[in-house]
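A.B. asks: sequence? don't have it. structure:
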Ligand code: NAP
């Protein structure tokens, strides 16, 4: 894979309209993740072998026990349009499945079919003579045809599904898996609102810097990131106006870009129209008609407007659903109401709080932090949620609708646990306790 770096990044850029500068770090992440899981396998730590030898005062019968982890069996992988490398054919789900000892059967994503085929070819070459069918690839170029996806998920030999994508896609696949004669687990990492709260003193002292950081985070990869900040809650006051103005200025200056795929651009424009029912445009009301899209900033006039249903809803009020693209909603609220508002939001991959050093010692910060912990898989203090480090302490999941498995991270070494199941051996084979 590393020897095909330029080739792979160029193909990804051509098909997704992401830039080489955006794709290079993602390539590094994909290779790094494969190496990380290879390291786990070499160290034997995916086996998590636990022994319970007989002891003086056992709880229950004094059997010698040994607990091991075994692969669940073949895993289907559905990647997302926006991370064609990190969640693609050789992305984190495939890498973690292989590390568990499971074959990975990857369903092609219609937003980047040529890249998928190239990566599948690289996988075949890499596995040749070692594990020929460890990575398999199903071509499925028609975005409207889900019959192949359905036959894969309902195939009797399949043991699990790793899905990264929209909430609607995750629900559809989980339902197929649940109603099989033998149900199997679907680990669905889905879309997320990623709320950001800015406390009064941070706003007073750093409004422009925070606006700059948020704009950079929203504009990167044209906002097509599962961790993009989508809802910004500002404590009412002068700093809130300054931050909103600076954010609007930066987003207005953001470029019109081609989205990952035409249907993703149409969905973005549809979401903006739906949000207009309960929020007003500050930036981005006028959108190009040449297939590109522009950043947008909307403002809800009050906290309660967030909870109003708009013209489109899939279970949450319109402003509380993800808009996949370079758009965010801003709302000013009484600072004392921030904790209760954050606690009432849908589950998210991330939740962010900006607070001054003094504020971090206060009660409001503690309550805001607690509310974010209750609703998100990762809480960010004075930073942005985009940019995911692959490491043992990373949690990449969240309460519904961010994921249907908030206990299982899709990123970091713990991701391998999704494809393993424990087996306890009671007694010994020929007296062997090893
Ligand atoms: P998507 O439209 O849900 O597609 C993902 C994959 O699932 C594709 O292969 C797609 O095939 C398939 N699929 C979708 N609906 C299906 C259905 N009803 N039946 C069978 N297969 C179905 O998502 P996307 O547009 O590629 O990705 C963008 C979304 O992913 C955003 O919401 C983003 O936030 C989320 N995302 C989440 C994470 C995370 O880690 N939580 C990471 C990246 C992206 P077809 O295209 O053929 O339908």
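C.D. replies: Happy to help now that I have it. This is a predicted model, so every value here is computed, not measured.
A.B. asks: only C-alpha atoms for contact and neighbour calcs from this point on.
C.D. replies: OK.
A.B. asks: Can you show me the helices along the stretch 301-434 of the chain?
C.D. replies: Applying DSSP state H, counting those that start in this stretch to the stretch 301-434 of the chain gives helices spanning 303-306, 338-343, 363-375.
A.B. asks: Work out the gap between the first one and the centre of the chain.
C.D. replies: Averaged C-alpha coordinates place helix 303-306 at 26 Å from its chain's average position (C-alpha atoms, centre = their mean, to the nearest Å).
A.B. asks: What residues sit buried inside it?
C.D. replies: 303, 305-306 (16 or more other C-alpha atoms under 10 Å).
A.B. asks: if we can go back for a sec, can you redo the helices of the stretch 301-434 of the chain as JSON lines with distance to the ligand?
C.D. replies: Shown next, in JSON lines, are the helices of the stretch 301-434 of the chain (distance: least, C-alpha to the nearest ligand atom, whole Å):
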{"stretch": "helix 303-306", "distance to the ligand": "20"}
{"stretch": "helix 338-343", "distance to the ligand": "20"}
{"stretch": "helix 363-375", "distance to the ligand": "14"}
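A.B. asks: okay if I get the buried residues of helix 303-306 as JSON lines plus distance to residue 136 and pLDDT?
C.D. replies: What follows is the buried residues of helix 303-306, written out as JSON lines (distance: C-alpha to C-alpha, whole Å; pLDDT from 0 to 100):
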{"residue": "303", "distance to residue 136": "48", "pLDDT": "89"}
{"residue": "305", "distance to residue 136": "47", "pLDDT": "90"}
{"residue": "306", "distance to residue 136": "44", "pLDDT": "91"}
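A.B. asks: Could you list the residues of the stretch 201-350 of the chain in contact with the ligand?
C.D. replies: 225-226, 324 (C-alpha under 6 Å from any ligand atom).
A.B. asks: Going by distance to residue 76, which of these wins?
C.D. replies: residue 226 (20.9 Å; C-alpha to C-alpha).
A.B. asks: List phi and psi for the closest one.
C.D. replies: Main-chain torsions, residue 226, degrees, to the nearest 10: phi -70, psi -20.
A.B. asks: can you check residue 33 too?
C.D. replies: Residue 33 has phi and psi values of phi -70, psi -40 when expressed as degrees, to the nearest 10.
A.B. asks: That one: neighbour count?
C.D. replies: Residue 33 has 24 neighbours, counted by other C-alpha atoms under 10 Å.
A.B. asks: hey, where'd the helices end up in the stretch 51-200 of the chain?
C.D. replies: Along the stretch 51-200 of the chain, counting by DSSP H, counting those that start in this stretch, helices occupy 92-100, 113-127, 147-153, 167-178, 200-219.
A.B. asks: nearest to residue 420, of those helices?
C.D. replies: helix 92-100 (6.2 Å).
A.B. asks: So which elements touch that closest one?
C.D. replies: helix 20-43, strand 75-78, strand 104-107 (3 or more C-alpha pairs under 8 Å, 6 or more residues apart in numbering; DSSP states H and E).
A.B. asks: Let me know which of those is tucked in deepest.
C.D. replies: Stretch with highest mean neighbour count among the helices and strands packed on helix 92-100: strand 75-78 (a mean of 28; mean count of other C-alpha atoms under 10 Å).
A.B. asks: Pick the most deeply packed of the helices of the stretch 51-200 of the chain.
C.D. replies: It is helix 92-100: most buried of the helices of the stretch 51-200 of the chain by mean count of other C-alpha under 10 Å, with a mean of 28.
A.B. asks: That helix close to the ligand?
C.D. replies: No. Helix 92-100 does not reach the ligand (C-alpha under 6 Å from any ligand atom); its nearest approach is 10.1 Å.
A.B. asks: outside of that helix, which residues touch it?
C.D. replies: Applying C-alpha atoms under 8 Å, 6 or more residues apart in numbering, the contact partners of helix 92-100 are 30, 33-34, 37-38, 40-41, 46, 70-71, 75, 77, 86-87, 103-104, 106, 134-135, 162, 410-411, 413, 415-417, 419-420.
A.B. asks: now that helix and helix 20-43, what's the angle there?
C.D. replies: Taking axes from the mean of the first three to the mean of the last three C-alpha atoms, to 10 degrees, helix 92-100 and helix 20-43 form an angle of 10 degrees between their directions.
A.B. asks: Who are the contact partners of residue 160?
C.D. replies: 72-76, 184-187, 419.
A.B. asks: Most neighbours out of these, which is it?
C.D. replies: residue 75 (29 neighbours).
A.B. asks: wouldn't that one be in contact with residue 156 here?
C.D. replies: No. Taking contacts as C-alpha atoms under 8 Å, residue 75 lies outside contact range of residue 156: 11.7 Å.
A.B. asks: returning to what we had before: with mean pLDDT added, can I get the helices of the stretch 51-200 of the chain in CSV?
C.D. replies: CSV is the format used below for the helices of the stretch 51-200 of the chain (pLDDT from 0 to 100):
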stretch, mean pLDDT
helix 92-100, 98
helix 113-127, 97
helix 147-153, 97
helix 167-178, 97
helix 200-219, 97
